[in-house]
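Pasted the sequence and its predicted model underneath.
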Amino acid sequence: MHHRASKLRDSTHRRRVGLRNTLWFTWLRRPLVPAVRRTLFLARTVPRDRASLLGAVDAVRGLSWLLADRRPRPAVVEARLGRLDEAQRRSTARRYVG
């Protein structure tokens, strides 16, 4: 079986929204230090292009409701997320490209 990506989807828009959503989840659910660490990692590693810039701008536009709804996860959940972060930093499987 071979999967062929849809010719109808806009991969650049999809990456923009994916980056925005990653930042929103990070800011909503992670404690301050891991959220800053994850944000800086993304800032260093996403392609420096229009889609990345617009994804970051979209994320910043949501700051007012993000701050109002911010509910970091319990320490046990954060410990697991931290292990996932470490694995993702080493992986080349998923990058914000396209």
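Yep, it's here. Numbering: from 1, shown residues only.

which residues touch whichever helix or strand R15 is part of?
If you go by DSSP states H and E, R15 is part of helix 11-29. By Cβ atoms under 8 Å, 6 or more residues apart in numbering, the list of residues contacting helix 11-29 from outside reads 5, 34-35, 38-39, 42, 46, 51-52, 54-56, 58-59, 62-63, 66, 69-73, 96-98. (Each C-beta comes from the backbone N, C-alpha and C, glycine too.)

Which of the residues you listed fall in helices?
Members of those lying in helices (criterion: DSSP state H): 34-35, 38-39, 42, 51-52, 54-56, 58-59, 63, 66, 69.

Quick check: which ranges of this structure have low pLDDT?
Low-confidence segments of the chain (pLDDT under 70): 3, 5, 93-98.

what residue is smack in the middle of the protein?
Residue closest to the mean C-alpha point of the chain, counted by Cα atoms, centre = their mean, is T22 at 2.3 Å.

gap between it and H2?
T22 is 28 Å from H2, where distance means Cβ to Cβ, to the nearest Å.

cool, R15 as well?
Remark: distance between R15 and H2 (Cβ to Cβ) = 23 Å.

For the two, indicate the residue with more neighbours.
Neighbour count, other Cβ atoms under 10 Å: between R15 and H2, R15 has more, with 21 against 3.

What separation do you get for the more buried one and V60?
Relative to V60, R15 is positioned 17 Å away (criterion: Cβ to Cβ).
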